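J.: Structural data only, the sequence is not supplied:
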């Protein structure tokens, strides 16, 4: 077998053995008027323990919500739910960390 074909075969075997890239959990930061929520949605590959943060803003002031949850495969949970002092203008940012 030529060297290039052998190398290609070995790379293919290594990628199949490694399996597909792991999907991850995500965080959504929905808001409606003064009501906000932080929701973690787990992927369908593994159970996870996650901690997430959402930052909304109103009148250039940040409004932050944070929380964590243990999630089964494909499960989603609301980890933060609150009412802001005035109407929320938008989402300034979000972040999530998980154990897997």
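T.: Cool, got the structure. Small disclaimer: the values here were computed from a predicted structure and weren't measured. Residues are numbered from 1 along each chain as shown.

J.: contacts and neighbour counts: CA atoms only from here.
T.: Noted.

J.: which ones are touching the spatially most central residue of the chain?
T.: The residue lying closest to the centre of the chain (Cα atoms, centre = their mean) is residue 26, at 1.7 Å. By Cα atoms under 8 Å, 6 or more residues apart in numbering, the contact set of residue 26 is 40, 41, 42, 43, 96.

J.: any idea where the strands of the chain begin and end?
T.: Remark: strands assigned in the chain by DSSP state E are 26-28, 31-32, 35-41, 48-58, 61-71, 76-83, 90-98.

J.: Would you reformat those as TSV and include mean pLDDT?
T.: Compiled in TSV, the strands of the chain are given as follows (pLDDT from 0 to 100):
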stretch	mean pLDDT
strand 26-28	98
strand 31-32	98
strand 35-41	98
strand 48-58	97
strand 61-71	97
strand 76-83	98
strand 90-98	97
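
J.: re the thing from before, give me the distance between the residue nearest to the centre of the chain and residue 39.
T.: 8 Å (Cα to Cα, to the nearest Å).

J.: ditto for residue 32
T.: Applying Cα to Cα to residue 32 and residue 39 gives a distance of 14 Å.

J.: With neighbour numbers in mind, choose between the two.
T.: Neighbours per residue, other Cα atoms under 10 Å: of residue 32 and residue 39, the larger number sits with residue 39, 24 against 12.

J.: Give me the spatial nearest neighbour of that one, chain neighbours excluded.
T.: The shortest distance from residue 39 to any non-neighbouring residue, by Cα to Cα, 6 or more residues apart in numbering, is to residue 78 (4.3 Å).

J.: Tell me how far the one you found lies from residue 88.
T.: Counting by Cα to Cα - residue 78 and residue 88 are separated by 18 Å.

J.: which of these two has more neighbours?
T.: residue 88 (22 against 16).
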